[in-house]
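**Q** show me the folded form of this:
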Amino acid sequence: FTRPRPVQTLDAYYRKMWLTLDQLARLDKNPWPSDIPEQIDHPMWEFSFAGEPIFVVCTTPAHVMRQSRRSSAFMLTFQPRWVFEKILGTEKAANAAFAEVRKRLIPYDSASPAPLLGRYGATDGREYLQYFLHDDNNAGGGCPYAKLAQNKTPSIANKEQAA
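**A** Predicted coordinates for the structure are as follows:
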């Protein structure tokens, strides 16, 4: 939605991703889905828009070691949850799919497969940690929000950050 800009740091893109998701949540006219917790640090949390749970993948030009997350500009990909339900419907299918993804990442990325990758809803995982993978397998600074769009009116600080 914007022109290409000079490459920023991974941390700057991480903050930009969360600011973008928060701003989208503020624009959403639909209520948050009742079956998705609003607290981000919950195993069943997932970004949602227009009542649709969505897995988000952020790619940036600052990713070097993790080519699977590299793109020519800041980019967010939105994948509806139902796509994964069809692919990962059984334990056997999920295990095969995750093994295949990890196998393909090994020769592609210079970094080892991220330990944060996991199955939605697993009690020891957090979906939000998979949205943005750092080059060094570091989880980053944690999500800057406990909950997105705590009020639906954008704050002046958020307007200034977006500029």
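**Q** excluding chain neighbours, what is closest to the residue positioned nearest the centre of the chain?
**A** Residue closest to the mean C-alpha point of the chain, counted by Cα atoms, centre = their mean, is residue 131 at 2.0 Å. In space, and not counting its chain neighbours, residue 131 is closest to residue 56: 4.5 Å by Cβ to Cβ, 6 or more residues apart in numbering. Glycine gets a C-beta too; all of them are placed from N, C-alpha and C.
**Q** then residue 93?
**A** Residue 93 sits nearest to residue 87 (Cβ to Cβ, 6+ apart), 6.9 Å away.
**Q** relative to residue 147, how far out is the one you found?
**A** 29 Å (Cβ to Cβ, to the nearest Å).
**Q** settle it for me: which of these two has more neighbours?
**A** residue 147 (15 against 11; other Cβ atoms under 10 Å).
**Q** can you verify my assumption that residue 52 contacts residue 79?
**A** No. Here residue 52 does not reach residue 79: they are 10.5 Å apart, not a contact under Cβ atoms under 8 Å.
**Q** which strand or helix spans the residue nearest to residue 131?
**A** According to DSSP states H and E, residue 56 maps onto strand 52-59.
**Q** before we move on, what SS does residue 113 have?
**A** Secondary structure state of residue 113, per DSSP: H, G, I helix; E, B strand; the rest coil, is coil.
**Q** next, count neighbours for it.
**A** Neighbours around residue 113, by other Cβ under 10 Å: 19.
**Q** go on, residue 115?
**A** Neighbours of residue 115 using other Cβ under 10 Å come to 11.
**Q** doesn't residue 137 make contact with it?
**A** Yes. Between residue 115 and residue 137 there is a contact at 6.3 Å, judged by Cβ under 8 Å.
**Q** residue boundaries of the helices in this protein?
**A** Taking DSSP state H, the helices of the chain run over residues 10-27, 81-87, 91-108, 128-131, 156-162.
**Q** good, we can wrap up now.
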